[in-house]
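Chemist: Predicted model and sequence follow; I will ask about them next.
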Amino acid sequence: MTDELAGALPRPVLRKQRSNSWLIWLVPMLAAIVGLSLVVNAWLQAGPEITIMFQTAQGLAEGKTPVKYKDVVIGKVEKIRLSADRNHVLVKVALDKSAKSFATAGTRYWVVRPRIGLGGVSGVDTLFSGAYIGADTGDSSKPQEEFKGLENPPAVTHGEPGKSFVLHADDLGSLDIGSPVYFRRIQVGRVVSYKLDNDGKGVTFAVFIDSPNDRYVDGSTRFWNASGVDVSLGADGLKLNTQSIAAVLAGGVAFQDPGGPHDSTPAADGTNFRLFADQSSAMAPPDGPPSYIRMRFDQSLRGLAVGAPVEFLGMNFGKVVSVRMDYDAKTQRFPIVVGALVYPERLGQAHEKLVALAKRRGDNADLSHMIGTLVEHGLRAQARTGNLLTGQLYIALDFLPHAVKADYNPDARPLEIPTAPGSFDKLQEQMADIVAKLDKVPFDQIGNHLNDSLASLDATLKQVNGQTLPALNDTLHDARKTLGTASDTLSADSPLQRNLGQSMQELQRTMRSLRVLTDYLGVHPEALLRGRRADPAEAAPKAPPAAQPNRSQP
Amino acid sequence: MSALPRAGELGLIGCPVCGQVCDAAGADGGALACPRCGSTLHRRKPAVYARCWALLIAAFLMYIPANVLPIMRTASLGDIDDNTILSGVVELWVKGSPGLAVIVFCASIMVPMLKFLALGTLLITCRRGSRWARRQRAQLYRLVELIGYWSMLDVFVVALLTALVRFGLFSLVEPLPGVVFFGLTVVLTMFASMCFDPRLIWDGKEDSDD
């Protein structure tokens, strides 16, 4: 059967043999080359591996979280594990080849998470993209593999032009990392870090002032905490002084040079400064070392608070640091002991001169001895009212002209300054005196007497009204009648008037006849004896009618 | 000689294109061509072992970067997430889609691995002329050929998502180099299975028991 078929079947066409079956091996070779190139590439791209220690791995993810410098990805988190003591998180980071310089000492790493503070919002992008690790280069080129991550982003990136300065303050206030630093109310820098002093007695800040404004910081520059609102009620009205609202809320530092001539060469990087509580204390003359003084008051010190000023002739000289009560068994009284820190150098030239004087005299230039001399001249501490509205007291060191002699021990420690009752207390005493005297006045009795007197006056008046006045009225009535009669009598046509005229005429006639008589007698004195002689007729008829009415009239 | 003759024993070659049967007895010197349609004729596919092994090895080499490199980047609201095949499976499983995770695992990891194993087994056993489980091996080969193209599932998913999910900042899907290697793996394994000649399974001495 096969043979039959074999003859009928066609023969296949013969072609030239191609022996290129080995070509197929190019395919795996190619694949191997590609794979190898990938491996080589990965090996070439692989940068250094570093380990960063963080407090927490919050927001970090293995194989995902990038490491960025200036927003450029320079590496990736490979592995996150706990440290052996379980206190930290060790984050293994594979840096890119190009980021080799980030595996050197001085490089800083921190986790960028969204942070919302009063000073602003940062890292908003990480809200969506997740946290990433920020990096900042250092100076050193020494390789390092283990890093300690920062918990807060550094406020200053490496190589930023500017200078950093160190500030010392009593407390942190409302300052925080990133708080602004103002110069003439322009933000020129920020607070970079703060830490508690080793002795726990203060806080040390580092501030960074950007170039070129860092040149305004010189040796005599004063820094102060600009966080607060400075409200002052003075002779020129209400004054509100702040740097900015942001500074009020979030805190801030301001600096300025004091007025007057001073050294203005820019301060070196890292210079130490003191951070004052406010502008006025910053601008005050330098304090110098403080001295502790103590005062014993025998009166109530209501309104004297710790921190109240101590003034010497009106100059701010120090502040009260303690107000404590004591008990004196002898006098059964409760004196109040006030402790204060005073800064003699605040007195400026006065202090220098006093020191010079004390030295010249060969005396101890110590504050206690100097004060001893002053106490002899009447220096006393007084608690005075600083504000009548609030009753706040302050301590005034003043020379009292009539001060009672006080014993003063210059070697006593702490230094105790004799006190005198305050002027306000004197006033109070006088007021009390007056009040006591007024108290003694028998106002009650006076009142009673006055009351009685008034009652009798009332009765008298009633009597006057009821009896005297009507009688007086009648009297007046009668008087008017009398006067009317008098008036009638004296009128021109009254009979009295007429009679009077007639009487006067009669009197005239009488007088005339009397004259004739005297004349006759003068000439004829014998007539007295002989009688009248016969007369010419013209004179005789006149004389008798005049004499007769005259004699009959009176 | 057994009861049933084989085409090779009779010196016959069938054309795989037009079905023409030729008498090729004694014509071993060069390449043969079909006298009717001109297609190349072989008794068995030429250089089966070399081609198959080469393609299989190449596919396996490609399979390594396909698994190591990320295949897809999903970015939503700035949260960039690069996924490899395995991490994608893990993520699906963790995020509560175990069904999908199983499907992706089967299509992307199990099937390619099974293909490597199956083809490797077939090549080794045929080379040795083993008569072990010939029928099952033939079925295995048919299975390998059948599921070959379904392994492109991952590539399809990435291609589809990349085209569909483009919402700028909010959501974005991008293909990453891993998917290219994965595609190459699938293609190379398909070539390898195409190169294999299942007739090799039946070559060699006929099993008397069979």
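Modeler: Structure received.
Chemist: rest of the way, CA atoms for contacts and neighbours
Modeler: Will do.
Chemist: Pull up the residues of chain B that are close to chain A.
Modeler: B:10, B:21-24, B:29-35, B:41, B:47, B:50-51, B:54-59, B:61-62, B:64-65, B:77-82 (C-alpha under 8 Å from any C-alpha of the partner chain).
Chemist: Quick check on those residues: which are buried?
Modeler: Among the residues of chain B next to chain A, those classed as buried by 16 or more other C-alpha atoms under 10 Å in any protein chain shown are B:21-24, B:31-35, B:41, B:47, B:50-51, B:54-59, B:61-62, B:65, B:77-82.
Chemist: Break down the stretch 1-150 of chain A into its helices, ranges please.
Modeler: A:2-8, A:26-45, A:125-129 (DSSP state H, counting those that start in this stretch).
Chemist: Over to chain B?
Modeler: Under the criterion DSSP state H, chain B contains helices at B:48-68, B:85-94, B:98-105, B:111-128, B:134-147, B:153-164, B:177-195, B:199-202.
Chemist: next one: the stretch 451-554 of chain A
Modeler: Using DSSP H, counting those that start in this stretch, helices in the stretch 451-554 of chain A cover A:469-490, A:495-523, A:527-530, A:543-552.
Chemist: Let's have the ones you listed in CSV, adding distance to chain B.
Modeler: Formatted as CSV, those follow (distance: least, C-alpha to the nearest C-alpha, whole Å):
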stretch, distance to chain B
helix A:469-490, 113
helix A:495-523, 140
helix A:527-530, 173
helix A:543-552, 157
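Chemist: Now render these as CSV, adding distance to A:Val338.
Modeler: Listed next are these as CSV, based on distance: least, C-alpha to C-alpha, whole Å:
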stretch, distance to A:Val338
helix A:469-490, 77
helix A:495-523, 106
helix A:527-530, 130
helix A:543-552, 118
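Chemist: and those as TSV, adding mean neighbour count?
Modeler: Below are the helices of the stretch 451-554 of chain A laid out as TSV (neighbours: other C-alpha atoms under 10 Å in any protein chain shown):
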stretch	mean neighbour count
helix A:469-490	12
helix A:495-523	15
helix A:527-530	10
helix A:543-552	15
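Chemist: and these, which one's lowest on average pLDDT?
Modeler: Note on the helices of the stretch 451-554 of chain A: helix A:543-552 shows the lowest mean pLDDT, a mean of 49.
Chemist: Strands of the stretch 201-350 of chain A, start to end?
Modeler: Secondary structure of the stretch 201-350 of chain A (DSSP state E, counting those that start in this stretch): strands at A:203-210, A:222-225, A:230-234, A:237-241, A:253-256, A:272-276, A:291-297, A:309-312, A:315-325, A:336-342.
Chemist: From what I see, B:Leu100 and B:Leu92 are in contact.
Modeler: Yes: between B:Leu100 and B:Leu92 there is a contact under C-alpha atoms under 8 Å: 6.9 Å.
Chemist: what about these two, which has more around it?
Modeler: More crowded of B:Leu100 and B:Leu92, by other C-alpha atoms under 10 Å in any protein chain shown: B:Leu92, with 17 against 13.
Chemist: hang on, the earlier thing: hey, least reliable of the helices of the stretch 1-150 of chain A by pLDDT?
Modeler: For those, where the average pLDDT is lowest is helix A:2-8, sitting at a mean of 55.
Chemist: Of all the strands of the stretch 201-350 of chain A, which one is nearest A:Ala534?
Modeler: When these are compared by C-alpha to C-alpha, strand A:237-241 sits nearest A:Ala534, at 126.2 Å.
Chemist: give me phi/psi at A:Thr157?
Modeler: phi -90, psi 160 (degrees, to the nearest 10).
Chemist: Let me see the contact set for it.
Modeler: A:Asp136 (C-alpha atoms under 8 Å, 6 or more residues apart in numbering or on different chains).
Chemist: Equivalent analysis for the one 3 residues further on, please.
Modeler: The contact partners of A:Glu160, by C-alpha under 8 Å, 6+ apart, come to A:Asp210.
Chemist: go on, A:Ala277?
Modeler: A:169, A:224-226.
Chemist: Of those, which is the nearest to chain B?
Modeler: A:Ala226 (39.1 Å; C-alpha to the nearest C-alpha).
Chemist: residues in contact with the closest one?
Modeler: A:242-243, A:247-248, A:251-254, A:277-279.
Chemist: give me the residue from the stretch 201-350 of chain A nearest chain B.
Modeler: A:Ala250 (30.6 Å).
Chemist: got a pLDDT number for that residue?
Modeler: For A:Ala250, the model assigns a pLDDT of 71.
Chemist: That one contacts A:Leu175, doesn't it?
Modeler: Yes: contact status for A:Ala250 versus A:Leu175: in contact at 6.9 Å, counting by C-alpha under 8 Å.
Chemist: List the residue ranges of chain B that fall below the pLDDT cut-off.
Modeler: B:1-3, B:26-30, B:78, B:204-210 (pLDDT under 70).
Chemist: and with 50 instead?
Modeler: For chain B, the stretches with pLDDT under 50 are B:1, B:208-210.
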